[in-house]
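1. Dropping the sequence and predicted coords here.
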Amino acid sequence: MIDNPLDRVREQIEHIWKQSDAKPDFVEALRQVLPGLTQNTHADQGSVRWIVLPYLCCQAAGGDPRWADSLAAAWYLLFTAAYLMDKIEDRDEPDPTWAPLGLGAGLNAATGLFFTASLALKDLYQHNETCAAASDVISDFYSGFLRMSSGQHADLIRPEPSLEEYWEIARDKSGAFFQVACRCGARLAVANPDQLEEFSLFGQHLGVLKQILDDLEDIQPPGSSNSMHPRPDIAKSLPVVYAMSVFPQEQRDRLRLSLENSAQSQASAEEAFHLLEQSGAALYLSMQIERQRDLAIEAIQRAVTGTDAAQPLISLVGQLVTP
């Protein structure tokens, strides 16, 4: 694996902005919303860890990880832009990094990140090692993000999804998101459709696994260090969706009411937690975490020959499950 992938991505992005016609104050706003690009102590360093994904997949497929510089920059930009737009669309509390910008300027910054990503991908045509794969990579990149956007649309129009709809949305949002990084990273080194499909499956299961782990935070007991923080879209969280799928109507109504009141009432928050506990949601999520982890590992083991090539990606899965 190459050293300092974040520094390499930072250099790519800064070069693009320097060559563009973007005004300095707008560029500064773009820096402000990118965790890890500045020394802002509020930056979510957890999101920076995923910059390595295109590099690792390119390397696992037999390529030089340096070939993935432009792809990693583009994917990181889109990762951050999608996260920012999702926060705004869900009306979540703004991150300290971009809260001073306000919603309108924050949304415009996300748009700037999208166009910066497009310019980063264009650089694939400029290098002998990546120009042959550039067309396929760019097509897969934007097709994947279009699928992700369709998943976001489904998420926005379904206030209380069924369990089946939850899994479909998770595959189309988080799954497609990580699928792009893995498939495109591998495509820089190989063109075998069967091998690329395994990298795609690895990314999909990794993305769904991350979504489940994020949702698991919704069933932490009130008063714990990671206690339940009610949010506007908690009805779309897997523990709640699962509970609603197994509860009779009376308990569904109680859970819905306790969740609605949990932000203002500690008693309601405690009742919501205990109802989720009674539903067996924690056990169900634990089983799904193990399933997605195993499917991801099996896919990457099929994709590459040799333990050494697969191990960095397997380790990444392990780090996700055990931070």
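-> Good, I have the coordinates. Computed from a predicted model, the values in this text were never measured in an experiment.
2. ranges for the helices of the stretch 51-200 of the chain?
-> Secondary structure of the stretch 51-200 of the chain by DSSP state H, counting those that start in this stretch: the helices cover 52-60, 69-89, 102-122, 131-157, 163-170, 176-187, 193-216.
3. hey, least reliable of those helices by pLDDT?
-> Note on these: helix 69-89 shows the lowest mean pLDDT, a mean of 90.
4. elements contacting that helix?
-> Under the contact criterion of 3 or more C-beta pairs under 8 Å, 6 or more residues apart in numbering; DSSP states H and E, helix 69-89 touches helix 5-19, helix 45-48, helix 52-60, helix 102-122, helix 131-157, helix 176-187. Quick note: C-beta positions are derived from backbone N, CA and C, even for glycine.
5. Would you convert those helices into TSV that also reports mean neighbour count?
-> Shown next, in TSV, are those (neighbours: other C-beta atoms under 10 Å):
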stretch	mean neighbour count
helix 5-19	18
helix 45-48	13
helix 52-60	27
helix 102-122	18
helix 131-157	17
helix 176-187	29
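6. wait, which of those is closest to residue 245?
-> helix 131-157 (17.1 Å; C-beta to C-beta).
7. Serialize the helices and strands packed on helix 69-89 to JSON lines and add fields for distance to residue 292.
-> Output for the helices and strands packed on helix 69-89, formatted as JSON lines (distance: least, C-beta to C-beta, whole Å):
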{"stretch": "helix 5-19", "distance to residue 292": "25"}
{"stretch": "helix 45-48", "distance to residue 292": "19"}
{"stretch": "helix 52-60", "distance to residue 292": "16"}
{"stretch": "helix 102-122", "distance to residue 292": "27"}
{"stretch": "helix 131-157", "distance to residue 292": "16"}
{"stretch": "helix 176-187", "distance to residue 292": "11"}
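8. and of these, who's closest to residue 235?
-> Short answer: helix 131-157, nearest of the helices and strands packed on helix 69-89 by C-beta to C-beta, at 11.2 Å.
9. helices or strands up against that closest one?
-> Using 3+ C-beta pairs under 8 Å, 6+ apart, helix 131-157 sits against helix 69-89, helix 102-122, helix 163-170, helix 176-187.
10. What is the neighbour count of residue 257?
-> Neighbourhood size, residue 257 [other C-beta atoms under 10 Å]: 13.
11. whoops, residue 72 was the one
-> 29.
12. so what's residue 316 up against?
-> Residues near residue 316 by C-beta atoms under 8 Å, 6 or more residues apart in numbering: 52-53, 56, 206.
13. How much space separates it from residue 297?
-> In this structure, residue 316 and residue 297 are 10 Å apart, going by C-beta to C-beta, to the nearest Å.
14. now swap in residue 56 and tell me
-> 14 Å.
15. before we move on, what about residue 172?
-> 22 Å.
16. Show me which of the two is the more surrounded one.
-> residue 172 (23 against 18).
17. distance of the more buried one from residue 181?
-> Distance, residue 172 to residue 181, by C-beta to C-beta: 16 Å.
18. In contact with the most centrally placed residue in the chain, which residues?
-> The residue lying closest to the centre of the chain (C-alpha atoms, centre = their mean) is residue 174, at 5.2 Å. Neighbouring residues of residue 174 by C-beta under 8 Å, 6+ apart: 207-208, 210-211.
19. Can you get me a residue count around the closest residue to residue 321 other than its chain neighbours?
-> In this structure, residue 321 finds its nearest non-sequential neighbour in residue 293, 5.7 Å apart by C-beta to C-beta, 6 or more residues apart in numbering. Residues lying near residue 293 (other C-beta under 10 Å) number 19.
20. Equivalent analysis for residue 322, please.
-> Residues near residue 322, counting by other C-beta under 10 Å, number 6.
21. try residue 31
-> Counted with other C-beta under 10 Å, residue 31 comes out at 17.
22. Can you tell me the element it falls in?
-> Secondary structure from DSSP states H and E places residue 31 in helix 24-33.
23. Buried residues, that helix. List them.
-> 27, 29-33 (16 or more other C-beta atoms under 10 Å).
24. Against which helices or strands is that helix packed?
-> So helix 24-33, by 3+ C-beta pairs under 8 Å, 6+ apart, packs with helix 102-122.
25. could you dump the helix it packs on to PDB, C-alpha only?
-> This file holds the C-alpha atoms of helix 102-122, laid out as PDB (Å, rounded to 0.1, in the frame of the first residue of the first chain):
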ATOM      1  CA  GLY A 102     -25.600  27.700   6.300                       C
ATOM      2  CA  LEU A 103     -27.700  25.300   4.400                       C
ATOM      3  CA  GLY A 104     -27.800  27.100   1.100                       C
ATOM      4  CA  ALA A 105     -24.000  27.600   0.900                       C
ATOM      5  CA  GLY A 106     -23.500  24.100   2.200                       C
ATOM      6  CA  LEU A 107     -25.600  22.700  -0.600                       C
ATOM      7  CA  ASN A 108     -23.700  24.800  -3.100                       C
ATOM      8  CA  ALA A 109     -20.400  23.500  -1.700                       C
ATOM      9  CA  ALA A 110     -21.700  20.000  -2.300                       C
ATOM     10  CA  THR A 111     -22.300  20.900  -5.900                       C
ATOM     11  CA  GLY A 112     -18.800  22.200  -6.200                       C
ATOM     12  CA  LEU A 113     -17.400  18.900  -4.900                       C
ATOM     13  CA  PHE A 114     -19.400  17.100  -7.600                       C
ATOM     14  CA  PHE A 115     -17.800  19.100 -10.400                       C
ATOM     15  CA  THR A 116     -14.400  18.800  -8.800                       C
ATOM     16  CA  ALA A 117     -14.800  15.000  -8.900                       C
ATOM     17  CA  SER A 118     -15.700  15.200 -12.600                       C
ATOM     18  CA  LEU A 119     -12.400  17.100 -13.300                       C
ATOM     19  CA  ALA A 120     -10.500  14.500 -11.200                       C
ATOM     20  CA  LEU A 121     -11.800  11.600 -13.300                       C
ATOM     21  CA  LYS A 122     -10.900  13.400 -16.500                       C
END
